[in-house]
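K.L.:
Just the structure for this:
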Amino acid sequence: GHLQIAFSVILCGLVWLVYLALEQKKPARGWLPSAVAMLTLAGSLAAPQMLPSVELSKSSHRASAVGPSLANYGDYVKLALPPRNLSTLLFPDYFGHPVDGTHWNDSEFKGVVAGGNNYAEWACYIGVLPLLLAAVALCHPWKRTDTGLLSARRPLALILGLALLLAFGTPLNMLLYFGIPGFSQTGSPARVLVVAALALSLLAGNGLQILLTSPLERPLLRRCLWIAVAVLVLLTAIGAAMSMRWVQESTNFIFGVVIQAGVPDILRGSVLLVIAIGLAAALPSLGTRTSLGLGFAVALTFLDLMPRALYYYPQAEPSDVYPETPGIAWLKANAKNELIAPLNTSWSMGGTSPTAILPPNALTVFQLRDAAGYDSLFPANRRERLKDALHGDDPAPPQNGNMAFVKSYGAAQALGARYVIVHPRRVKQSEPLQPVYSGEDITIYDMGTLEAASPALAPPSVGLRAGIFLGGFGLMALTALAVAFFGKQRL
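P.N.:
Residues are numbered from 1 along each chain as shown. Below you'll find the predicted structure:
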């Protein structure tokens, strides 16, 4: 649903293509046909996903009849990456971690007055060693005679610079916000950090190549390394200083207290930085044993990133997350093909757990029909039906505009739901219906005695059918190219 990610990738490809065309100084007839063929093939392969998404986006809750305005642009850039988050380049958990409930840089965290955001929106950590290697690549002397991977530094640096300018909310965003139709609905400038992370990762490969194979003398290479270290430490220090200022101006915290949540990660990141510096300093001494240096670099990066990934995404059996309770078993036995509406009124993404039942889309896990919804491209007409049934109340909680709650019996009836589910602690004596199931897990009411509206059926997707056709064309073209290539290799 986040179409700006696809747009950013396409934009990166175009920037790279234009740069290479200008760099090689070849006439357009030499590279344009190949570029058009490549873009056509890539577009056809992506069509089964892209065309339905574009089609749905035009009728989703993100579509707006009101065009972009300066007032809305001001709200948009408020979610840009703040300078204080430079501290997370080396220490991603500097502000705490959401799994622990200690992420105090979140707008939902109790005590934050203004200026926060969730952990994922501002994440751009690629690992300590890769970041150091990327800095080495940028600090290495720039020569127009660079060949191979080193020649890619310029377009990568350009893409990284553009991505960071957008992520930090500079006026460059205005060109896209007001110039690209639909871009004003993309939510946050900081989502372009995925492009910055990609560029940094590729630059890290350049930095590793430099330390392993550069013809520069070792003292010059070590000078590049120490300049890179100094730049990273300086940026981190600037971020830390800005975070102290933000705490004083926009929170009710005491900095010395909340920073304790990040101390373990600061210590861990400092140790990793020392090890990374030692490894990077030793790489030029390996001579022809480049595979050994590559192995150490991959191992250190793995030991840095894999534990973080496993901790951020806790592992559990599906049955532990979505247990089949007696109430769910009743629904599977009696409401297999019926529309079901869990009643929820509030949500939370960083504070106290809400009194909620079966979050939107949860029923689909049990192959049951869910009247609520949670999607980045939620159909606007269905949301408006919910809003009308709620007498103008927004079905989405303030914390997440992609959710659509069924908050009342009237809303459930408007959607044509047969059954309504209520949290046991929210059951009232004055409920309009008698429950057909009541347990410690959920309470279920049958709406069949009420006059239910027929649910609206979605029209067939033109984009999906066109996308499947174009995707098949692209797959056949790719297969033909592969057959021709391997056939040529055999000859």
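
K.L.:
so how many other residues sit close to L358?
P.N.:
Around L358 sit 25 other residues, with neighbours defined as other Cβ atoms under 10 Å. Just so you know, the C-beta spots here come from the backbone N, C-alpha and C atoms, and that holds for glycine as well.

K.L.:
no wait, F302
P.N.:
11.

K.L.:
gap between the helix or strand in which it is found and the chain center?
P.N.:
If you go by DSSP states H and E, F302 is part of helix 290-312. Taking the mean of its C-alpha atoms, helix 290-312 sits 22 Å from the chain's own mean (Cα atoms, centre = their mean, to the nearest Å).

K.L.:
buried sites along that helix?
P.N.:
Neighbour counts over helix 290-312 (16 or more other Cβ atoms under 10 Å) mark 293, 296-297, 300-301, 304-305, 308 as buried.

K.L.:
Same question for stretch 212-232.
P.N.:
When burial is assessed from 16+ other Cβ under 10 Å, stretch 212-232 yields the following buried residues: 212, 214, 221, 224-225, 228-229, 232.

K.L.:
Which parts of the stretch 351-491 of the chain are helices?
P.N.:
Per DSSP state H, counting those that start in this stretch, the stretch 351-491 of the chain carries helices over the ranges 380-389, 409-414, 462-490.

K.L.:
Now tabulate those in a markdown table and tack on mean pLDDT.
P.N.:
Below are those laid out as a markdown table (pLDDT from 0 to 100):
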| stretch | mean pLDDT |
| --- | --- |
| helix 380-389 | 79 |
| helix 409-414 | 84 |
| helix 462-490 | 79 |
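
K.L.:
Nearest to V192 among the buried residues of stretch 212-232?
P.N.:
Comparing these against V192 with Cβ to Cβ places L232 closest, at 21.1 Å.

K.L.:
need the contact list for that closest one.
P.N.:
With contacts defined as Cβ atoms under 8 Å, 6 or more residues apart in numbering, L232 is in contact with 89-90, 131-132, 135, 273.

K.L.:
Now do the same for stretch 308-319: mean pLDDT, whole number.
P.N.:
Looking at stretch 308-319 alone, the average pLDDT works out to 88.

K.L.:
Next: stretch 397-404.
P.N.:
Regarding stretch 397-404, the rounded mean pLDDT is 79.

K.L.:
circling back: which secondary structure elements does the helix holding F302 contact?
P.N.:
When contacts are defined as 3 or more Cβ pairs under 8 Å, 6 or more residues apart in numbering; DSSP states H and E, helix 290-312 packs onto helix 128-139, helix 193-213, helix 263-282.

K.L.:
then it to PDB, C-alphas only?
P.N.:
C-alpha atoms of helix 290-312 as PDB (Å, rounded to 0.1, in the frame of the first residue of the first chain):
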ATOM      1  CA  THR A 290      40.700 -10.800   0.300                       C
ATOM      2  CA  SER A 291      38.300 -13.700   0.900                       C
ATOM      3  CA  LEU A 292      39.500 -13.800   4.600                       C
ATOM      4  CA  GLY A 293      38.700 -10.100   5.000                       C
ATOM      5  CA  LEU A 294      35.400 -10.500   3.300                       C
ATOM      6  CA  GLY A 295      34.500 -13.400   5.600                       C
ATOM      7  CA  PHE A 296      35.300 -11.400   8.700                       C
ATOM      8  CA  ALA A 297      33.300  -8.500   7.500                       C
ATOM      9  CA  VAL A 298      30.200 -10.600   6.700                       C
ATOM     10  CA  ALA A 299      30.500 -12.400  10.100                       C
ATOM     11  CA  LEU A 300      30.700  -9.100  12.100                       C
ATOM     12  CA  THR A 301      27.800  -7.700  10.200                       C
ATOM     13  CA  PHE A 302      25.700 -10.900  10.700                       C
ATOM     14  CA  LEU A 303      26.500 -10.800  14.500                       C
ATOM     15  CA  ASP A 304      25.400  -7.200  14.600                       C
ATOM     16  CA  LEU A 305      22.200  -7.300  12.600                       C
ATOM     17  CA  MET A 306      20.800 -10.800  13.200                       C
ATOM     18  CA  PRO A 307      20.200 -10.500  17.000                       C
ATOM     19  CA  ARG A 308      18.500  -7.200  16.400                       C
ATOM     20  CA  ALA A 309      16.200  -8.600  13.800                       C
ATOM     21  CA  LEU A 310      15.300 -11.600  16.000                       C
ATOM     22  CA  TYR A 311      14.600  -9.300  19.000                       C
ATOM     23  CA  TYR A 312      12.500  -6.800  17.000                       C
END
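
K.L.:
Just want to check the distance between I421 and A329.
P.N.:
In this structure, I421 lies at 13 Å from A329, with Cβ to Cβ, to the nearest Å as the measure.

K.L.:
for the helices and strands packed on helix 290-312, which one sits closest to L343?
P.N.:
helix 193-213 (36.2 Å).

K.L.:
Go through that closest one and flag the buried ones.
P.N.:
Going by neighbour count (16+ other Cβ under 10 Å), the buried part of helix 193-213 is 193-212.

K.L.:
With stretch 406-416 instead?
P.N.:
Taking 16+ other Cβ under 10 Å as the basis for neighbour counts, the residues of stretch 406-416 that come out buried are 406-409, 411-416.

K.L.:
other SSEs contacting the helix or strand hosting L162?
P.N.:
Following DSSP H and E, the helix or strand that holds L162 is helix 153-167. Packed against helix 153-167 by the contact rule (3+ Cβ pairs under 8 Å, 6+ apart) you find helix 3-24, helix 128-139, helix 172-179, helix 193-213.

K.L.:
still on that earlier bit, dump the helices and strands packed on helix 290-312 to CSV, plus distance to E338.
P.N.:
Converted to CSV, the helices and strands packed on helix 290-312 look like this (distance: least, Cβ to Cβ, whole Å):
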stretch, distance to E338
helix 128-139, 51
helix 193-213, 40
helix 263-282, 48
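
K.L.:
Looking at these, which is nearest to S34?
P.N.:
Distances from S34 to each of those were compared using Cβ to Cβ; the shortest belongs to helix 193-213, at 21.5 Å.
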